[in-house]
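Enquirer: how would this look folded up:
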Amino acid sequence: MRPTLPPPVAPHPTTRLRRLRSSDALRRLAQETVLTTNDLIWPIFVMDGEDMTTPVPSMPGVERMSVDRAVQAARMAAGLNIPAICIFPYTDPALKTDGCEEAWNPDNLSNRAIRAIKAAVPEIAVMTDVALDPYNANGHDGIVRDGVIVNDESVQALVKMALAQAAAGADILGPSDMMDGRIGAMRSALEAAGHTDVTILSYAAKYASAYYGPFRDAVGASGALKGDKKTYQMNPANGDEALRHIQRDLMEGADMVMVKPGQAYLDICFRVKDAFGVPTYAYQVSGEYAMIMAAAEQGWINEEAVMVESLMAFKRAGCDGILTYFAPRVAKLLQAG
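Expert: Sure thing, here's the model as predicted:
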């Protein structure tokens with residue numbers, strides 16, 4: 001893609017580009033990109049138990065929380081004007097099977113959390129993860145048969161999972177599995193079941209990235225994973241392919257689309273927004289978060305400044321919002337002015 005050249009600028013000294021940077025007031029007036037709490041989706045990790053939290057060692061400042069604590073977190077998020085949270089479960093290993101049946105159990109951990117949060121904090125949007133890896137004995141996002149992640153059988157399972165989440169009260173479904181055809185199948189099933197207003201935010205361009213390690217620790221999938229996810233997640237070397245995925249998912253009924261990971265794929269974010277003009281999101285994934293926190297703990301970077309700068313980069317690239325573990329902190333910072 002050839003970049004568009006800006007219009008000619010008068011030469012120095014007629015044009016002094018530094019004039020608009022000469023004071024705080026002028027810098028604020030000339031700022032092109034704005035970050036607000038409306039841009040934030042907060043991913044949280046839920047676990048069984050009561051009045052409990054457990055730190056995630058590879059993600060400083062992030063905790064798994066019991067459902068009652070998740071309700072408290074949702075209430076805090078709503079108070080900070082964060083519009084949405086996204087639930088990820090830490091599933092008991094005893095519930096993980098080859099068939100992933102726990103994924104569509106109406107009373108599984110995610111669905112209990114959805115119901116509890118929507119009952120207590122109805123104004124906040126609850127997003128879910130639609131993928132089988134938290135429930136899969138093999139750690140994969142799809143069902144495994146003879147060492148192969150099978151597409152169509154996985155889609156059938158994912159549809160049942162999506163319907164269970166919608167019935168529990170989810171506002172936004174986030175299919176992150178990257179199986180072919182799952183968006184169309186989910187949209188048809190949702191319509192048939194009367195869930196006409198449930199939104200699909202598709203992880204349409206999800207890459208087979210090395211940035212996901214801490215997340216897999218957080219949901220307990222690291223030890224279970226057999227092999228890798230390269231047969232269904234995208235090759236990090238490919239950009240044009242991402243646009244084909246986006247186009248297909250939109251045609252199948254996705255309302256919004258996601259690029260994952262974020263920081264290393266800002267070019268993809270820009271291309272998606274430029275090509276389709278639809279609500280476009282990025283996930284500032286666990287590895288990105290962990291690297292910022294680790295460098296800050298060493299005193300090598302200014303944690304707060306890098307946090308804001310990294311999020312601003314997503315907005316500058318064209319994203320309408322960001323899933324980020326920094327959401328409560330940046331919301332408090334924005335509220336403080």
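
Enquirer: and the closest residue to G262 other than its chain neighbours, how many neighbours does it have?
Expert: In this structure, G262 finds its nearest non-sequential neighbour in A282, 3.7 Å apart by C-beta to C-beta, 6 or more residues apart in numbering. Quick note: C-beta positions are derived from backbone N, CA and C, even for glycine. Using other C-beta atoms under 10 Å, A282 is surrounded by 30 other residues.

Enquirer: which elements pack onto the helix or strand harbouring A282?
Expert: Using DSSP states H and E, A282 falls within strand 280-283. On a contact count with 3 or more C-beta pairs under 8 Å, 6 or more residues apart in numbering; DSSP states H and E, strand 280-283 meets strand 256-260, helix 266-276, strand 321-323.

Enquirer: between these, which gets nearest to V144?
Expert: Using C-beta to C-beta as the measure, strand 256-260 is the one of the helices and strands packed on strand 280-283 that comes nearest V144, at 21.8 Å.

Enquirer: the closest one vs helix 266-276, what angle?
Expert: Angle, strand 256-260 to helix 266-276, by axes from the mean of the first three to the mean of the last three C-alpha atoms, to 10 degrees: 160 degrees.

Enquirer: mind jotting down where the helices sit in the chain?
Expert: 24-29, 67-79, 109-120, 151-168, 182-192, 213-219, 240-252, 266-276, 286-297, 303-316, 327-336 (DSSP state H).

Enquirer: take these and lay them out in TSV including distance to V56 and mean pLDDT.
Expert: Formatted as TSV, the helices of the chain follow (distance: least, C-beta to C-beta, whole Å; pLDDT from 0 to 100):
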stretch	distance to V56	mean pLDDT
helix 24-29	36	95
helix 67-79	14	98
helix 109-120	16	98
helix 151-168	23	98
helix 182-192	28	98
helix 213-219	5	87
helix 240-252	29	98
helix 266-276	26	97
helix 286-297	8	96
helix 303-316	17	97
helix 327-336	15	95
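
Enquirer: ok so, going back, surely the residue nearest to G262 and D320 touch.
Expert: No: look at A282 against D320 with C-beta atoms under 8 Å: they stay out of range, at 9.4 Å.

Enquirer: before we move on, the earlier item: give the contact list for the residue nearest to G262.
Expert: 258-262, 265-266, 269, 314, 317, 319, 322-323 (C-beta atoms under 8 Å, 6 or more residues apart in numbering).

Enquirer: so where is the stretch 1-150 of the chain shaky, pLDDT-wise?
Expert: 1-4 (pLDDT under 70).

Enquirer: re earlier: export only the CA atoms of the strand holding A282, formatted as CSV.
Expert: In CSV, the C-alpha atoms belonging to strand 280-283 read as follows (Å, rounded to 0.1, in the frame of the first residue of the first chain):
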residue,chain,number,x,y,z
THR,A,280,-11.9,-1.7,14.7
TYR,A,281,-10.3,-2.8,17.9
ALA,A,282,-6.9,-4.1,19.0
TYR,A,283,-5.9,-6.2,22.0
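
Enquirer: partner strands of that strand, with direction?
Expert: strand 256-260 (parallel), strand 321-323 (parallel) (DSSP bridges).

Enquirer: can you give me how far the shortest one is from the chain middle?
Expert: Meaning strand 321-323. Offset of strand 321-323 from its chain centre (C-alpha atoms, centre = their mean, to the nearest Å): 7 Å.

Enquirer: now do stretch 85-96
Expert: On C-alpha atoms, centre = their mean, the centre of stretch 85-96 falls 16 Å from that of its chain.

Enquirer: do stretch 26-41 as well
Expert: 21 Å.

Enquirer: could you tell me the end-to-end distance of it?
Expert: 30 Å (C-alpha to C-alpha, to the nearest Å).

Enquirer: show me the contact partners of that stretch.
Expert: Contacts for stretch 26-41 (C-beta under 8 Å, 6+ apart): 19-21, 80-86, 127, 281, 308, 311-312, 315-316, 319-324, 327, 330-331, 334-335.

Enquirer: rerun at 7 Å
Expert: Defining contact as C-beta atoms under 7 Å, 6 or more residues apart in numbering, one finds that stretch 26-41 is touched by 20-21, 80-86, 127, 308, 311-312, 315-316, 321-324, 327, 330-331, 334.

Enquirer: CSV for the helices of the chain, including distance to H140 and mean neighbour count?
Expert: Output for the helices of the chain, formatted as CSV (distance: least, C-beta to C-beta, whole Å; neighbours: other C-beta atoms under 10 Å):
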stretch, distance to H140, mean neighbour count
helix 24-29, 48, 10
helix 67-79, 26, 19
helix 109-120, 18, 21
helix 151-168, 9, 21
helix 182-192, 14, 19
helix 213-219, 12, 21
helix 240-252, 19, 17
helix 266-276, 24, 19
helix 286-297, 18, 19
helix 303-316, 28, 18
helix 327-336, 28, 17
